[in-house]
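*Asks:* Can you look at this prediction? I've put the sequence above it.
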Amino acid sequence: MTKPSRKVSFECWSITSSKTSVASKYSPKIIVPNTKTIHALKVIQKSIFILTLGTLILLLLIQTGRCLWRYLEVPTYFASRVLPQSDADFPAITICPDVNDGYKELFLQTHGIESVKKYNYKRDLVWSSNQSGITPRELFDQATLDLDELIYYFNIRTFGPNHQGNVAQKLNRTDNSIVTQYHRKFGRCFTWYPSNEVKSLGIYYITIRSRRFFAKAYLHKMNQFLDFNGRMGYTFRPNEAHYYQVAYEDIRTLPQPKSDHVHGETCTRQIYDRCIYSTLERVMLNSSGCVVPFLPSQAEICTSQPGINTTFWIAWNRVTNQLNDCNVPCEVLSVSLSGKNMKTRSDGLGQITLYFQPRVMRSEEHHLYTVLSLLAEIGGYVGLLLGYSLLHAASSISSFLETKIKIMEQQLVQ
């Protein structure tokens, strides 16, 4: 009886032992942590964070540099829009006598000057009278044509009526809309620019009739008569009537820094004619102590040959800005005349009629990349790459102040 019981006991032990070995074989192994493993994981964790943060900061610096470089290039763009004529600038009209009619040769001869060329052309010039009682300035004024001698009729036709109900207005020769210009070849010219009242009505056409002289009309921006670049005069002769359609564009650019090797800006907002006249006067006075007669100056006109010769060539070499004494204007008018028609007249007068459009194109330059755009783009990269914003900065400051307050409160309690 004892043998069978041992056998059963052995079998049960064998089965139990077999199950235990299978369970231990397939159960996961438990790794006991140690300090080296923990340290290695911390190093990996910090390395990943530092590497990611460094990469993001590097990308942020690169993009910030690109943004700054783009801003320093000062990119611009032109925006064009069509405006009512009254809201845009209007061309000034300068009327000059022809080269052969600008000076009264007989008058000069009565004052001892052989010809017009001996007064305004290069060599052996004489700018003073051989008669007493007439100054060099008076000699110039009387030897050149005044407004009444040059222009017989100046009529303005507006789109809208004025306060008196009239759409046709004659030039008021006594108002400030007429400016006298001085020129070596032409003597004196006269520039008309509409008053604000006339300009607000809109100008339909202007008719100008000259007396028995060949005359030329120049259309330009006000105070830019001396800027002859790319501009020509339109001649109207006695017994001829010329009709033109005027188209112009109001162009306004921004002053930009010049290249690295040249100082200054690409254009200026100063009055161009005043700059040229004042530069000529300053250089002449510094060199000779006197000026040429064809200059709007109160300084003394040269009478000695050395002074005449020096100042004449100063004007010859600088009046059209050959030496870049004045920067080019930032605001100009691009004027073109088309649709010319011509009729004959029998009264000996010359006529030019200029028709203007009621709407004008204005092209204005603007900054494409402003300071606000720069800050917005850099702020966008900071938020995208680092997840940081001004709200986070405010929150950090608030937390710092809150901590300081709690410390102070604890110190007061103690």
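*Replies:* Perfect, I can see it now.
*Asks:* rest of the way, CA atoms for contacts and neighbours
*Replies:* Fine.
*Asks:* Quick one: residues in contact with stretch 374-393.
*Replies:* Contacts with stretch 374-393, where a contact means C-alpha atoms under 8 Å, 6 or more residues apart in numbering, come from 53, 56-57, 59-60, 63-64, 67-68, 71.
*Asks:* which of the residues in the helix ranked longest in the chain are buried?
*Replies:* Once the chain is assigned using DSSP state H, the helix that runs over the most residues is helix 35-72. Residues of helix 35-72 classed as buried by neighbour count (16 or more other C-alpha atoms under 10 Å): 56, 60, 63-64, 67, 71.
*Asks:* now do stretch 189-200
*Replies:* Counting neighbours by 16+ other C-alpha under 10 Å, the buried set in stretch 189-200 is 189-194, 198-200.
*Asks:* The residues you listed in strands, which ones?
*Replies:* Among the buried residues of stretch 189-200, the members falling in strands (DSSP state E) are 189-192.
*Asks:* out of those, who's nearest residue 162?
*Replies:* Closest approach to residue 162 among those (C-alpha to C-alpha): residue 192, at 18.9 Å.
*Asks:* And the closest one, how close does it get to residue 222?
*Replies:* 9 Å (C-alpha to C-alpha, to the nearest Å).
*Asks:* swap in residue 269?
*Replies:* Counting by C-alpha to C-alpha, the gap from residue 269 to residue 222 is 13 Å.
*Asks:* where's residue 275, which helix or strand?
*Replies:* For residue 275, the element it lies in under DSSP states H and E is helix 272-287.
*Asks:* Name the residues that touch that helix?
*Replies:* With contacts defined as C-alpha under 8 Å, 6+ apart, helix 272-287 is touched by 223-227, 290-291, 295-297, 310-311, 314-315, 318-319, 321, 325-329.
*Asks:* what do residue 192 and residue 222 both touch?
*Replies:* If you check residue 192 and residue 222 against C-alpha under 8 Å, 6+ apart, the residues they both contact are residue 92.
*Asks:* ok, back up a step: CA atoms only for the helix holding residue 275, dumped as CSV, please.
*Replies:* Written as CSV, here are the backbone C-alpha positions of helix 272-287 (Å, rounded to 0.1, in the frame of the first residue of the first chain):
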residue,chain,number,x,y,z
TYR,A,272,14.1,122.1,-57.8
ASP,A,273,14.2,125.5,-59.5
ARG,A,274,15.0,127.3,-56.2
CYS,A,275,17.9,124.8,-55.7
ILE,A,276,19.4,125.5,-59.1
TYR,A,277,19.0,129.3,-58.9
SER,A,278,20.4,129.5,-55.3
THR,A,279,23.3,127.2,-56.3
LEU,A,280,24.2,129.4,-59.3
GLU,A,281,24.0,132.5,-57.2
ARG,A,282,26.2,131.1,-54.4
VAL,A,283,28.9,129.8,-56.8
MET,A,284,28.9,133.1,-58.7
LEU,A,285,29.2,135.3,-55.6
ASN,A,286,31.9,133.1,-54.2
SER,A,287,34.0,133.3,-57.4
